[in-house]
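**Student:** Sequence plus the predicted model coming up.
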Amino acid sequence: MKPMTVAVAGYGWWGKQLVKSASLTPKLKVAVVVDPKPPADIQDGSNQFGFRVESDFDKVLADKTIDGVILASPNAFHLPQTLAAFEAGKYVFCEKPLTMTGDGAKVMLDAAKAAGKVLGIGHELRYLEPVEALIDTIKNGTIGRLLSMEVNRSHDTFRTLPKDNWRKNPDPTMSPGGLYTGTGIHQTDIFCLIAGEPAEVRAETDTLVYDPPAEDYVRVKVLFKNGVHAMYSALSCTPYYSRFTAFGDKGWVELVAEGAIDKNKPMHLTVSTVPGERSTRVFSATADNSVKDNLDAWVDANRGQGTYRFTPQQMIDNTRIFEALVKSSRGGGVPVKL
């Protein structure tokens, strides 16, 4: 079958990963990278992966040879770019967060439905084998009734970025909430998958190492309607650390990663259902494969060849958590009902 021909918007750190991962599947062909301020190494990427470079997103939308767009642009651009792409008849895969508000996410998903298309979302963790094993362990009852989940996923990758880089900017139109848009929104996506509909969010952020107003600390607590409690915390000024622990009334399960997903480090899944006893499985995990698998699933869903793993409601709920996090942290940690 002919590959879906796409343009990637944004050739920053993750845009490069998306281009690389897309090159691994016969279902996609990246023909264009559009970036109004391309990095110095974009020509190297063009030579390696065979894409042409454009600076005008509207010009790409008008190109009839382009079937779809993959958005790796700054967060504030996702909503208008997605709506414009659907209006132009394109398929859309959007990096996380979809947008800055739950209402905005609903608008995007309504536009996808009206266009008869499936909106893709950049939550590749759901396609990692160790994360799949973690989810299965919780859902199959191994640890009994789920009571709480705790996650810390920190890294200092953004520490060397310029002060005005959008990933470091606490501007609510770009990347508020410290490292939440970088790592936390992946974790709350898994929370929503496992625990269902969120009911309340409390959050706090702080500046501990960075120069204000940039935020390098975030902690979020989410209460779900079924009574499950979940917490995510992170620092964006400490070396990489990743732990996801779920506790039930019969045991616990924990997934620890040795390094960031793009570093292809092992992940360790430990389960304990008997006091003092535990078993551990070690997984290899690669960003190339998980991102590729997510992109493949998006293409398949748009061709009517499978059901995409992310439901519209989960995508909206996760964005509502994000919106509530910003509101709560700016109110000094006040509870925000959803």
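**Tutor:** Perfect, I can see it now.
**Student:** most residues in a single helix of this protein, which one?
**Tutor:** Of all the segments assigned as helix in the chain under DSSP state H, the longest by residue count is helix 312-330.
**Student:** and the very next helix or strand once past it, average pLDDT?
**Tutor:** In the C-terminal direction, the helix or strand that comes right after helix 312-330 (DSSP states H and E) is strand 336-337. Per-region confidence: strand 336-337 scores 98 on mean pLDDT.
**Student:** what does strand 336-337 contact?
**Tutor:** Strand 336-337 has contacts (C-beta atoms under 8 Å, 6 or more residues apart in numbering) with 199, 200, 201, 202, 324, 327, 328. C-beta here means a position set from N, CA and C on the backbone, and glycine is covered the same way.
**Student:** what about 6 Å?
**Tutor:** Where contact means C-beta atoms under 6 Å, 6 or more residues apart in numbering, the residues beyond strand 336-337 that reach it are 200, 201, 324, 327, 328.
**Student:** what pairs with the first one across the strands?
**Tutor:** To tie it back to what came earlier, the one meant is residue 200. For residue 200, the beta-bridge partners are residue 223, residue 337 (DSSP bridges).
**Student:** what about it, how many neighbours?
**Tutor:** With neighbours defined by other C-beta atoms under 10 Å, the count for residue 200 comes to 16.
**Student:** mind checking how far it is from residue 262?
**Tutor:** 33 Å (C-beta to C-beta, to the nearest Å).
**Student:** just the second one next, same as before
**Tutor:** As judged by C-beta to C-beta, residue 201 and residue 262 stand 29 Å apart.
**Student:** And the two? Which one has more around it.
**Tutor:** residue 201 (25 against 16).
**Student:** Grab the nearest non-local neighbour of residue 56.
**Tutor:** Using C-beta to C-beta, 6 or more residues apart in numbering and skipping the chain neighbours, the partner closest in space to residue 56 is residue 34 (7.0 Å).
**Student:** Leaving out chain neighbours, which residue sits closest to residue 128?
**Tutor:** Once chain neighbours are set aside, the closest to residue 128 by C-beta to C-beta, 6+ apart is residue 290, at 4.7 Å.
**Student:** and the helix or strand hosting the one you found, what other elements does it pack with?
**Tutor:** Assigning secondary structure by DSSP H and E places residue 290 in helix 287-302. With contacts defined as 3 or more C-beta pairs under 6 Å, 6 or more residues apart in numbering; DSSP states H and E, helix 287-302 has these neighbours: helix 13-22.
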